[in-house]
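In: Make a model of this:
(4 chains)
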2 protein chains.
Amino acid sequence: MAKKSSSTNRSNNQPSINTPGGRSPHTPYTLKDLVRDTGVSKSTISRVFNNPEKVKSSTLKKVRAKAEEMGYQPSRVARRLQAGRGKAKVIGLIIPDISNPFYAGITRGIEDVALSSGYALIFNNSDEDPDRQRQCVDALRMERVDGMILPPVEEKDEYIRELILKGLTVVCVDRVIQDVQVDTVLSDNKKGAYRAVLHLLKLGHKRVAHIGGIPEISTSKERLAGYKKAHRDFGVTIDPELILEGDSRQVTAERLMGKFLSMKNPPTAVFTGNNLTTLGAYAACNKHGVRIPDDIALVGYDEVPWADALNPPPTVIDQSTYEIGRRAAEVLIARIQDPEKPLINSVVAPKLVVRKSCGADS
Amino acid sequence: MAKKSSSTNRSNNQPSINTPGGRSPHTPYTLKDLVRDTGVSKSTISRVFNNPEKVKSSTLKKVRAKAEEMGYQPSRVARRLQAGRGKAKVIGLIIPDISNPFYAGITRGIEDVALSSGYALIFNNSDEDPDRQRQCVDALRMERVDGMILPPVEEKDEYIRELILKGLTVVCVDRVIQDVQVDTVLSDNKKGAYRAVLHLLKLGHKRVAHIGGIPEISTSKERLAGYKKAHRDFGVTIDPELILEGDSRQVTAERLMGKFLSMKNPPTAVFTGNNLTTLGAYAACNKHGVRIPDDIALVGYDEVPWADALNPPPTVIDQSTYEIGRRAAEVLIARIQDPEKPLINSVVAPKLVVRKSCGADS
DNA sequence: CTGAAAGCGCTTACAG
DNA sequence: CTGAAAGCGCTTACAG
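Out: Alright, predicted model coming up:
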């Protein structure tokens, strides 16, 4: 307390002025200011905010009134510095790309839970780039988050795997990471794909094409497995030419769909592997003047936002992204609160939403 | 240094074990561990990470090697506690709803700049709810962010206005807040709307309808103003029945579009006030069997994601959300670094993207 | 119910 | 080029 005394001799009123071309710094009030203005000790004031039941009601009232009056907000940064795992009240989120509505929905669910549980949410995009993801993970570690949620960019990620083994709290959402015990919130991709394809098969289609995602990713594999199983169970043989793997981007899907459309013996139906792929298929059909479902039936994986704006509205497998996000945040917070808890592997059931693109409804 | 000595007598190896149903806490390494393992003082180690040029290269090498070996990551939390405005290296973002692709694009732009500039991004959704927005603002203040970016839910927000007057660093994006000097990154809504409507007028339309957003919001007002000015300049009188105000949600827009479609003397063209409104208009046309642009031409405000999946692809005013976000983050960081800098009011020029829905191209 | 003291993990002058 | 000391704004035992 030798050099710094600015906050000690400062008056009650915020001294800042807001001038057109410049403003003076806004130094937030601290506990010290409250001590000065109330005559109550630091310890007790701290209790007012953290253990009010341990404080005499008159003291409580006095401190609260003053705090309210001066607009005191306790520093979460200072609080966080205290030892104690799981007390930081921040979580991190690393998603591939917030522009993808699938992730936007998940993010929304996570944020809702975080806000209502008093957690701050630090947010990053990995861009599906392992290096960038690593950079994000490190940034979150430096922030000393209580835990983080992410769909791992790669199934085998040694870096993240090691960190988890060392005790980093992680919840994997949508995608898994191999060879490590970790809490997960996943969708049952195989079942979802199975339902989608079975729906098409039952409508009489014998040539059902599939536009898949990045083949390395677990979700892509599972969806392909569901596609195959449906054929097996329904007794329809698969023409291998009808399976094309892409990267879940719209332009790629549009190109692959174009290939299908220009085959000598084209498929009569297509199962698109994710939301952007579905959109790409629509784009290709628009461009080629192909009508859905008359010329080709379509069922897509993932709900497509604003389905009704598409013509025809697509039949899809809805993963309810909001629910996935909500659950992921709940799992993470539960884990933070009890590191000893048994492993959680939550599976969200995907559901078939029948609209017009499959031809079932017409 | 009396009671706690856990980190002092801990070995080099992370002591955690990851057992199936529980894991032991992961206590991150601290400066103290590095001091113990290198024999170098705290001060010097701190310099290694912050002012390496002031450290002898042999020391530098030794410390870095050890830090790397043990996976030491400095705590941004501890660093942040140090006095000094603008050094926290965190910024906050409060947006109405990340599920809206307009905001997702902005968020993406902000996050890219934040990550590459070494800022953490704390993220919240306000849901267009003033109370929730206030809760978010308070949360960010407690986090002692260096500044925050937001499109104010209300044009007149006394709470935020007061905080800005007290020196809180804020950048308003997309929407303004009244009666206060604040940095802004806005789109020229009036000009954008003007161009959209003029485009329609020039194609010969005499009855151009408009589905607007929440009338209280500045962007809605400006777009309506552009709509009117275009009519004035082009010498076409406006039928007041052709202007309907909504709330920028798709279902509302669908309903309002339905009204237009069932008028005795329906409009021959429509100018939709935002992205979701455009989608709602498409949905209404699909439902009513109305063809765009043959039966009614359409130009929308805001780029619509996956435009090519729509039939026909819409002609829109593109605000380039990513650019808006990028610029907002840059403005905020510039302001953090120099609070005395003159006010910044950045305007992003919207551009007309002609596709098929206006009929110009057919 | 309350306060003094120690400490969280860093950075920042200050003195060498 | 380096280290000891003080401090950032809180919380947490400990002692009354």
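In: The closest residue in space to A:Glu216 that isn't next to it in sequence in helix, strand or coil?
Out: Nearest non-adjacent residue to A:Glu216, counting by Cβ to Cβ, 6 or more residues apart in numbering or on different chains: A:Glu155, 6.9 Å away. Yep, even glycine has a C-beta here, placed from its N, CA and C like the rest. Here A:Glu155 is recorded as coil under DSSP: H, G, I helix; E, B strand; the rest coil.
In: Distance of A:Glu155 relative to A:Ile164?
Out: 14 Å (Cβ to Cβ, to the nearest Å).
In: Find residues that contact each of the two.
Out: Residues touching both A:Glu155 and A:Ile164 (Cβ atoms under 8 Å, 6 or more residues apart in numbering or on different chains) are A:Ile177.
In: These two: who's more crowded?
Out: In this view A:Glu155 and A:Ile164 are compared by other Cβ atoms under 10 Å in any protein chain shown, and A:Ile164 has more residues nearby, 23 against 14.
In: Show the model's pLDDT score for the more buried one.
Out: Model confidence at A:Ile164, given as pLDDT, is 95.
In: now A:Met148
Out: In this model, A:Met148 is scored at 97, pLDDT.
In: does it really touch A:Ile95, like I thought?
Out: No. The pair A:Met148 and A:Ile95 fails to qualify as a contact (Cβ atoms under 8 Å) at a distance of 10.8 Å.
In: Any residues of the stretch 251-362 of chain A in contact with chain B? List them.
Out: By the rule Cβ under 8 Å from any Cβ of the partner chain, the part of the stretch 251-362 of chain A lying against chain B is A:254, A:276, A:278-280, A:282-283, A:286-287, A:305-306, A:308-313, A:339-343.
In: hang on, the earlier thing: the residue nearest to A:Glu216 is in contact with A:Val176, isn't it?
Out: Yes. Taking contacts as Cβ under 8 Å, A:Glu155 lies within contact range of A:Val176: 6.5 Å.
In: okay, and the common contacts of these two?
Out: Both A:Glu155 and A:Val176 are contacted by A:Ser218, under the criterion Cβ under 8 Å, 6+ apart.
In: Kindly export stretch A:166-186 (C-alpha atoms) in PDB.
Out: C-alpha atoms of stretch A:166-186 as PDB (Å, rounded to 0.1, in the frame of the first residue of the first chain):
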ATOM      1  CA  LYS A 166      -3.700 -35.600 -17.500                       C
ATOM      2  CA  GLY A 167      -7.000 -34.500 -16.100                       C
ATOM      3  CA  LEU A 168      -8.200 -31.800 -18.400                       C
ATOM      4  CA  THR A 169     -12.000 -31.700 -18.300                       C
ATOM      5  CA  VAL A 170     -13.500 -32.200 -21.700                       C
ATOM      6  CA  VAL A 171     -16.900 -33.200 -23.100                       C
ATOM      7  CA  CYS A 172     -16.900 -34.400 -26.700                       C
ATOM      8  CA  VAL A 173     -19.900 -33.400 -28.600                       C
ATOM      9  CA  ASP A 174     -21.100 -34.800 -32.000                       C
ATOM     10  CA  ARG A 175     -17.800 -36.500 -32.500                       C
ATOM     11  CA  VAL A 176     -15.600 -38.800 -30.500                       C
ATOM     12  CA  ILE A 177     -11.900 -39.000 -29.700                       C
ATOM     13  CA  GLN A 178     -10.400 -42.400 -29.600                       C
ATOM     14  CA  ASP A 179      -8.500 -44.400 -26.900                       C
ATOM     15  CA  VAL A 180      -9.500 -42.300 -24.000                       C
ATOM     16  CA  GLN A 181     -12.300 -42.300 -21.400                       C
ATOM     17  CA  VAL A 182     -14.200 -39.100 -22.000                       C
ATOM     18  CA  ASP A 183     -17.700 -37.800 -21.500                       C
ATOM     19  CA  THR A 184     -19.700 -37.600 -24.700                       C
ATOM     20  CA  VAL A 185     -22.900 -36.300 -26.000                       C
ATOM     21  CA  LEU A 186     -23.500 -37.900 -29.400                       C
END
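In: What residues sit buried inside that stretch?
Out: A:166-177, A:180, A:182-186 (16 or more other Cβ atoms under 10 Å in any protein chain shown).
In: Please see if that stretch touches chain B.
Out: Yes. Using Cβ under 8 Å from any Cβ, stretch A:166-186 reaches chain B at A:166-169, A:180-181.
In: Kindly indicate which of these lies nearest B:Thr237.
Out: Proximity of those to B:Thr237 (Cβ to Cβ) peaks at A:Thr169, which lies at 64.7 Å.
In: what's the closest non-adjacent residue to the closest one?
Out: Leaving aside its sequence neighbours, A:Thr169 sits nearest to A:Gly147 (Cβ to Cβ, 6+ apart; 3.4 Å).
In: what's the neighbour count on that neighbour?
Out: Using other Cβ under 10 Å: A:Gly147 sits among 24 other residues.
In: Just list the residues touching it, thanks.
Out: Going by Cβ under 8 Å, 6+ apart, A:Gly147 touches A:91-92, A:168-171, A:332, A:335-336.
In: One more pass at 10 Å, please.
Out: Applying Cβ atoms under 10 Å, 6 or more residues apart in numbering or on different chains, we find A:Gly147 in contact with A:85-86, A:88, A:90-92, A:119, A:140, A:168-171, A:183, A:329, A:331-333, A:335-336, A:339.
In: Now do the buried residues in stretch A:151-164.
Out: By neighbour count on 16+ other Cβ under 10 Å, the buried set for stretch A:151-164 is A:151-154, A:157, A:160-161, A:163-164.
In: Let me have these in TSV, extended by distance to DNA strand C.
Out: TSV is the format used below for those (distance: Cβ to the nearest atom of the strand, whole Å):
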residue	distance to DNA strand C
A:Pro151	29
A:Pro152	26
A:Val153	27
A:Glu154	28
A:Asp157	24
A:Ile160	21
A:Arg161	23
A:Leu163	16
A:Ile164	21
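In: all helices of the stretch 251-362 of chain A, in order?
Out: Applying DSSP state H, counting those that start in this stretch to the stretch 251-362 of chain A gives helices spanning A:275-288, A:321-337.
In: taking these together, which one is wrapped up most tightly?
Out: Each of these was scored by mean neighbour count; the highest is helix A:275-288, a mean of 25, by mean count of other Cβ atoms under 10 Å in any protein chain shown.
In: wait, doesn't A:Leu168 sit right on B:Pro28?
Out: Yes. Judged on Cβ atoms under 10 Å, A:Leu168 makes contact with B:Pro28 at a distance of 9.4 Å.
In: So for the two, which residues contact both of them?
Out: In contact with both A:Leu168 and B:Pro28: A:Arg141, using Cβ under 10 Å, 6+ apart.
In: Grab the nearest non-local neighbour of the residue of the stretch 51-200 of chain A found nearest chain B.
Out: Closest to chain B within the stretch 51-200 of chain A is A:Gly167: 2.8 Å, counting by Cβ to the nearest Cβ. Leaving aside its sequence neighbours, A:Gly167 sits nearest to B:His26 (Cβ to Cβ, 6+ apart; 2.8 Å).
In: Near DNA strand D, which residues of the stretch 51-200 of chain A are found?
Out: Contact residues (Cβ under 7 Å from any atom of the strand) of the stretch 51-200 of chain A with DNA strand D: A:72, A:74-75, A:78-79, A:81-82, A:84, A:87.
In: Pull out the buried members of those residues.
Out: Among these, those classed as buried by neighbour count (16+ other Cβ under 10 Å) are A:72, A:74-75, A:79, A:81.
In: export the residues you listed to CSV and tack on pLDDT and secondary structure?
Out: Conversion of these to CSV gives the following (pLDDT from 0 to 100; DSSP: H, G, I helix; E, B strand; the rest coil):
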residue, pLDDT, secondary structure
A:Tyr72, 93, coil
A:Pro74, 94, coil
A:Ser75, 94, coil
A:Arg79, 93, helix
A:Leu81, 90, helix
